[in-house]
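# With the sequence up front, the predicted model follows.
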Amino acid sequence: LKDPSISTSSPPLFAAATMGKAGQARQVFRLYGRTKKVKSPGSEKKAKTAQKTQKLKKSLVPGSVLILLAGRFRGRRVVFLKQLESGLLLITGPYAVNGVPLRRVNQRMCISTSANADLKGATCDVTDTYFTKEKAKKDKKGESMFAAGADKKGISDDKKAGQKKMDDSVVKALAPDMKAYLKARFSLSANMYPHELKF
């Protein structure tokens with residue numbers, strides 16, 4: 001015979017508690033018998049998946065002229081050189097024509113036009129490592145952040161030489177009318193609607 005004083009039913013999952021002046025019932029959930037250990041998200045090492053390069057639009061071919069939509073040089077016309085391993089587009093003004101240096105842009109942030117520049121004699125050996133910045137050394141405690149020796153570093157000589165080499169090969173193949181087209185900044189005026197324009 002079972003002892004009626006011993007209850008075999010499991011304890012309740014929640015307990016009622018009153019709160020406020022009106023005494024509204026509030027359910028406080030309690031978990032019993034929780035033996036599983038919760039692992040922190042940093043404990044498990046996630047396998048690195050290979051990043052797939054983004055597919056290029058059909059209108060994007062090496063030498064096509066693009067219009068930048070965002071960033072420091074928005075509204076500028078640039079020449080598309082190639083797609084990098086990161087999926088970004090490598091573009092140049094060229095710098096000697098309109099002041100736009102070698103840059104990486106996302107293809108979502110540009111409009112491709114029907115104009116094309118001749119890149120037959122151009123050699124493009126730039127990779128993503130060209131755009132990596134050197135880590136600045138941290139100052140020791142007590143040194144002032146406005147120290148006289150702390151000068152701003154400009155563009156390295158190697159990058160300047162690479163920019164000049166790239167510009168020389170691209171500018172030689174540009175016609176005078178193409179240079180004037182690249183110098184002109186794109187902008188919308190009154191009664192101009194982007195969806196009605198043909199680029």
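Looks like it arrived, so ask away.
# quick one: residue 76 from residue 155, how far?
If you measure residue 76 against residue 155 using Cβ to Cβ, to the nearest Å, the figure is 19 Å. Where you see a C-beta, it was placed from the backbone N, CA and C, and this is true even at glycine.
# Those two - which one has more neighbours?
residue 76 (21 against 9; other Cβ atoms under 10 Å).
# which residue ranges form the helices in the chain?
According to DSSP state H, the chain carries its helices in the segments 95-98, 157-172, 176-183.
# by contact count, what packs against the longest one?
When you say that, I think you mean helix 157-172. Judged by 3 or more Cβ pairs under 8 Å, 6 or more residues apart in numbering; DSSP states H and E, helix 157-172 is in contact with strand 89-92, helix 95-98.
# And the contacts of it?
Judged by Cβ atoms under 8 Å, 6 or more residues apart in numbering, the contacts made with helix 157-172 from elsewhere in the structure are 79, 81, 92-97, 101-102, 117, 119, 121-124, 126, 130, 179.
# send the alpha carbons of it over as CSV?
Below are the C-alpha coordinates for helix 157-172, written out as CSV (Å, rounded to 0.1, in the frame of the first residue of the first chain):
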residue,chain,number,x,y,z
ASP,A,157,56.3,55.3,-51.9
ASP,A,158,55.5,51.8,-53.1
LYS,A,159,51.8,52.7,-53.4
LYS,A,160,52.6,55.9,-55.2
ALA,A,161,54.8,54.0,-57.6
GLY,A,162,52.1,51.4,-58.2
GLN,A,163,49.5,54.1,-58.8
LYS,A,164,51.7,55.9,-61.3
LYS,A,165,52.5,52.7,-63.1
MET,A,166,48.8,51.8,-63.4
ASP,A,167,47.8,55.3,-64.5
ASP,A,168,50.5,55.5,-67.3
SER,A,169,49.3,52.3,-68.9
VAL,A,170,45.6,53.3,-68.7
VAL,A,171,45.9,56.9,-69.7
LYS,A,172,47.9,56.1,-72.8
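# how far off helix 176-183 does it point, in degrees?
Computed with axes from the mean of the first three to the mean of the last three Cα atoms, to 10 degrees, the direction of helix 157-172 lies at 130 degrees from that of helix 176-183.
# how about helix 157-172: buried residues?
Along helix 157-172, these residues count as buried under the neighbour rule (16 or more other Cβ atoms under 10 Å): 162-163, 166-167, 169-171.
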